[in-house]
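Engineer: predicted model, plus sequence, below.
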Amino acid sequence: MSDQHPSLGVLQVSVWRGGAHGEFQQFEVPRRDSQTVLDVATHIQRHLDPTLSYRYACRVGMCGSCAMTVNGVARWTCRTHVARVARAGRIELAPLANLPVVKDLVTDMAPFFDKWQRAQGRYAGATGRHDPVARVDPASPARRAADAGIECIGCGVCYASCDVVSWKPQFLGPAALNRAWTLVNDERDTAGARRLAAVAGDAGCHACHTQGSCTVRCPKGIAPTAAIAGLKRVTARAALRGELDGTEDTVQDRAGRDAGVSEVLP
Ligand code: SF4
Ligand code: SF4
Ligand code: FES
């Protein structure tokens, strides 16, 4: 590539290899102008070791698939410039924390998305194609609350940055709870108390300690902490009114506890 120049030097890169019990391997990668961390992984895979596993799709910050741990911090790598994160000409690349490692820089995202399901993170509508299109006032408080979290790309950066997920593996985590909050505020949605019950259990919004790593790290500028605070308010109100009693997800939570899901309390 024409943007490579000897004066830019070489980047020393430590890359996690193998599964959960792997080790770091060292590579030297030529520096380039405007080089992203994803460019570094791609250079290694194309020119130094084709067996390196990593994941990406869009390269423009839309798909959410390229997140890794860079120098100990979860980041989307396609929009993270080496110049911003390298320390003394070095970077360390590892898979996202709080998720099982498949191989090298690839984690199994199934637990992350399973929690979206457990949080009822899918739209539940009541209308068909022949019904009139719902009119939602773009200036209404509920619409604004939903808009604040709607651009989530499911990258898992917040989830990997959350200490409560580390301590309490069944905690739904910031992304699933943020998604639930957008739907709680969608006036067309019909899941109502069922979704509130799903996020109010022992592993739900009330387990969040509000220390805010998710909000600091989210590359899309979303504030899951604010979404979780909103869920805490509405679930507490619903519980006081008895609206969460006997719902399907309360039963599911109990089933999970009875099945002996391991829990390490902080
Ligand atoms: S604010 Fe809550 S969800 Fe976000 S990182 Fe902290 S404990 Fe996790
Ligand atoms: S809330 Fe932000 S950090 Fe978390 S998955 Fe969505 S885009 Fe990624
Ligand atoms: S490759 Fe799609 S967000 Fe980075």
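Structural biologist: Everything's here; your move. All of these numbers come straight from a predicted model, not from anything done at the bench. Numbers count the residues shown, from 1 in each chain. Ligands and ions are numbered 1, 2, ... in the order given.

Engineer: my read: P111 touches L99, true?
Structural biologist: Yes: proximity of P111 to L99 meets the contact threshold set by Cβ atoms under 8 Å, at 6.3 Å. (Glycine included, C-beta is placed from N, CA and C.)

Engineer: how near is M109 to A227?
Structural biologist: According to Cβ to Cβ, to the nearest Å, M109 stands 20 Å off from A227.

Engineer: neighbour count: these two, which is higher?
Structural biologist: It is A227, of M109 and A227, that has more neighbours when counted by other Cβ atoms under 10 Å, with 29 against 20.

Engineer: what's the helix or strand for the more buried one?
Structural biologist: Per DSSP states H and E: A227 is located in helix 224-240.

Engineer: who does that helix touch, helix- and strand-wise?
Structural biologist: Counting contacts by 3 or more Cβ pairs under 8 Å, 6 or more residues apart in numbering; DSSP states H and E, helix 224-240 packs against helix 141-149, helix 174-184, helix 192-200, helix 213-217.

Engineer: do that again at 7 Å, thanks
Structural biologist: For helix 224-240, the contact count by 3 or more Cβ pairs under 7 Å, 6 or more residues apart in numbering; DSSP states H and E identifies helix 174-184, helix 192-200, helix 213-217 as packing neighbours.

Engineer: buried ones in that helix?
Structural biologist: P224, T225, A226, A227, I228, G230, L231, K232, V234, T235, A238 (16 or more other Cβ atoms under 10 Å).

Engineer: check contacts around the last one.
Structural biologist: Yep, that's A238 we're talking about. With contact set as Cβ atoms under 7 Å, 6 or more residues apart in numbering, A238 has these partners: A193, L196, L244.

Engineer: same list, the buried residues of helix 224-240, but as CSV with pLDDT and distance to ligand 1 please.
Structural biologist: Listed next are the buried residues of helix 224-240 as CSV, based on pLDDT from 0 to 100; distance: Cβ to the nearest ligand atom, whole Å:
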residue, pLDDT, distance to ligand 1
P224, 98, 5
T225, 98, 4
A226, 97, 10
A227, 98, 9
I228, 98, 6
G230, 97, 13
L231, 98, 11
K232, 97, 10
V234, 97, 17
T235, 97, 15
A238, 96, 20
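
Engineer: filter these by proximity to ligand 2?
Structural biologist: Contacts with ligand 2 within those, as defined by Cβ under 6 Å from any ligand atom: P224.

Engineer: burial count for the residue of the stretch 1-150 of the chain found nearest ligand 2?
Structural biologist: Nearest to ligand 2, among the residues of the stretch 1-150 of the chain, is G64, at 6.1 Å (Cβ to the nearest ligand atom). Neighbour count of G64, defined by other Cβ under 10 Å: 21.
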